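S.K.: Next come a sequence and a model predicted from it.
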Amino acid sequence: MTATIIDGKAFAARVREQVAEHVKRLKTDHGIKPGLAVVLVGEDPASQVYVRSKGKMTVEVGMNSVEHKLDADTSEADLLSLIDQLNNDPEIHGILVQLPLPKHLDEDLVINSVAPEKDVDGFHISNVGLLGTGQKSMVPCTPLGCLMMLRDHHGSLSGMDAVVIGRSNIVGKPMAQLLLGDSCTVTIAHSRTKDLADVVRRADIVVAAVGRPEMVPGDWIKPGATVIDVGINRIERDGKNKLVGDADFDSCAAVAGAITPVPGGVGPMTIACLLANTVTACCRANGLAEPEGLTA
Ligand code: NDP
């Protein structure tokens, strides 16, 4: 079997188009322009790249993009004061604090100081609780992107066996909650899981969110299963710098029914879902109908 390649780049472009159409309607029908504020503390090079591309795509879909770049030694009080100001700014509908934060800042405290309704990353404890209890919430962008691709590929996920490898707060746990919400039977695997290969072999859907290059080989995959590869790992191969996922692409693609590539799979969906969450937050803030298909 040769797997269908799930093209995350093309899918993300379609999501951004839908967001742009909705943004246009918000402007023409209601005179509202959604706004996203991104806060970056320090000069981590990878974070700077992410923030730049988030800002660029926010503007491309017609939304306001506001960037706050703070020095690495910014005090917690100053950061919290900026977040408070953004929480109270009616033109800002989404707030994202780029992680990781410098070590002297309490990440949990900062995340939980963002107004839950503007928490477009979906990391605030209120949104975690709402998602866990099946209520309307802001959903973390990467798992939301994975869910959208799975729904698009399969239609209904009801009754499918899903294994999520990884239990982080930003990917593994919310991914498992979303799959449960779509009536999958969900197993969460992690570094202490026994007989991981056997656990994965039972799955109709495998989501790999580990951070270990090509850890999942094809002989762990049930024939016809769908593999969603969240991992982004830089490796050296044949003297070249290469980006690979947590699944060994070639051997998995030979067995799976469908698979997301790295790059070009889950990655592009993450920013698209950030834009989708911002337009959703804007609609909710104004008591308007949410765009269909862009939320969980
Ligand atoms: P974390 O490091 O926070 O979590 C990794 C998880 O993998 C942990 O739960 C850990 O288990 C588990 N794990 C580690 N080793 C093993 C093993 N040998 N067997 C089974 N499980 C194992 O990572 P993240 O969730 O933040 O990210 C995961 C990957 O996804 C990374 O490559 C990251 O770069 C990528 N990523 C990609 C995004 C995108 O937009 N495409 C967005 C976010 C992340 P334990 O809890 O027991 O330690």
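M.R.: Now that the structure is in, tell me what you want to look at.

S.K.: which residue packs closest to residue 214, ignoring adjacent ones?
M.R.: For residue 214, the nearest residue in space outside its immediate sequence neighbours is residue 248; the separation is 4.1 Å by C-beta to C-beta, 6 or more residues apart in numbering. For every residue, glycine as well, the C-beta is placed using N, CA and C.

S.K.: go on, residue 171?
M.R.: Counting by C-beta to C-beta, 6+ apart, the residue nearest residue 171 is residue 209, at 4.1 Å.

S.K.: count of neighbours near that neighbour?
M.R.: The tally of other residues near residue 209 (other C-beta atoms under 10 Å) stands at 24.

S.K.: doesn't residue 169 make contact with it?
M.R.: No. Judged on C-beta atoms under 8 Å, residue 209 makes no contact with residue 169 at a distance of 11.3 Å.

S.K.: So for the nearest residue to residue 184 once chain neighbours are set aside, what's the pLDDT?
M.R.: By the measure of C-beta to C-beta, 6+ apart, the closest residue to residue 184 outside its immediate chain neighbours is residue 162, 4.1 Å from it. The score at residue 162 is 99. That number is its pLDDT.

S.K.: For residue 243, grab phi and psi.
M.R.: Its backbone dihedrals place residue 243 at phi -100, psi 120, with angles given as degrees, to the nearest 10.

S.K.: Could you pull up the contacting residues of it?
M.R.: Residues in contact with residue 243 (C-beta atoms under 8 Å, 6 or more residues apart in numbering) are 232, 233, 234, 262, 263.

S.K.: let's see it at 7 Å
M.R.: Contact analysis of residue 243 by C-beta atoms under 7 Å, 6 or more residues apart in numbering lists 232, 234, 262, 263.

S.K.: again with residue 177
M.R.: If you count contacts by C-beta under 7 Å, 6+ apart, then residue 177 has 131, 132 around it.

S.K.: change the start of the numbering to 7 and stick with it
M.R.: All set: I'll call the first residue 7, so the last point we hit is now residue 183.

S.K.: and it, what are its phi and psi?
M.R.: Recorded main-chain torsions at residue 183 are phi -60, psi -40, according to degrees, to the nearest 10.

S.K.: residues of the helix or strand hosting residue 242 that come out buried?
M.R.: Taking DSSP states H and E as the criterion, the element that holds residue 242 is strand 239-243. Residues residue 239 are the ones in strand 239-243 that count as buried (16 or more other C-beta atoms under 10 Å).

S.K.: helices or strands up against it?
M.R.: Taking 3 or more C-beta pairs under 7 Å, 6 or more residues apart in numbering; DSSP states H and E as the contact definition, the neighbouring helices and strands of strand 239-243 are strand 246-250.

S.K.: Wondering if the strand it packs on reaches the ligand at all.
M.R.: No. Against the ligand, strand 246-250 shows no contacts by C-beta under 6 Å from any ligand atom, the least distance being 9.7 Å.

S.K.: Stretch 188-197 now?
M.R.: Yes. Under the criterion of C-beta under 6 Å from any ligand atom, the ligand is reached by stretch 188-197 at 195, 196, 197.

S.K.: Make a PyMOL selection of whichever of these turn out to be buried.
M.R.: A single PyMOL command selects the buried members of these (16+ other C-beta under 10 Å):
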select buried, resi 195
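
S.K.: which among the residues of stretch 188-197 next to the ligand gets closest to residue 207?
M.R.: Minimum separation from residue 207 among those (C-beta to C-beta) is found for residue 195, which lies at 11.8 Å.

S.K.: Tell me which helix or strand residue 205 sits in.
M.R.: In this assignment (DSSP H and E), residue 205 forms part of helix 202-207.

S.K.: So which residues make contact with that helix?
M.R.: Outside helix 202-207, the residues that touch it by C-beta under 7 Å, 6+ apart are 169, 193, 195, 199, 212, 222, 226, 228.
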